[in-house]
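S.K.: dropping the sequence and predicted coords here.
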Amino acid sequence: QVQLVESGGGLVQAGGSLRLSCAASGRTFSSYAMAWFRQAPGKEREFVAAISWGGGSTVYADSVKGRFTISRENAKNTLYLQMNNLKPEDTAVYYCGAGSSWAQRDPRAFGSWGQGTQVTISS
């Protein structure tokens, strides 16, 4: 199983940017399809973006399309989420997940999760 550790969260003003990272260890990172999810207080975990094993294909939630970019560096065992033009409604704990099938939007399809990183956007 792969172990995941997210970092890069913080407090920024609306319109600002953040770059999240997810460092993987354990099994071969490139054998996993990866995704970012987020969870706001009192809400279910929500799909944000997913990327295929080699990074050639990506998919985004409509709410972040055009503002967020998911990428990965398999040589560094790292997944990224570049977040631009952030909005207060983007406030949540962000999680990276590893799974065997790519483009999955259901968190139950992911067997490994990190501990999450808090992102807070002030208006």
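M.R.: Happy to help now that I have it. Numbers count the residues shown, from 1 in each chain.
S.K.: excluding chain neighbours, what is closest to the residue at minimal distance from the centre of the chain?
M.R.: In the chain, the C-alpha nearest the mean C-alpha coordinate belongs to W36, at 2.3 Å (Cα atoms, centre = their mean). Leaving aside its sequence neighbours, W36 sits nearest to V48 (Cβ to Cβ, 6 or more residues apart in numbering; 4.2 Å). All C-beta spots, glycine's among them, are computed from the backbone N, C-alpha and C.
S.K.: and the one you found, what element?
M.R.: Here V48 is covered by strand 46-51, with elements defined by DSSP states H and E.
S.K.: so how far is that strand from its chain's centroid?
M.R.: 6 Å (Cα atoms, centre = their mean, to the nearest Å).
S.K.: same for the next helix or strand after that strand, what does it pack against?
M.R.: Sequence-wise, the next helix or strand downstream of strand 46-51 (DSSP H and E) is strand 58-60. For strand 58-60, the contact count by 3 or more Cβ pairs under 8 Å, 6 or more residues apart in numbering; DSSP states H and E identifies strand 46-51, strand 68-73 as packing neighbours.
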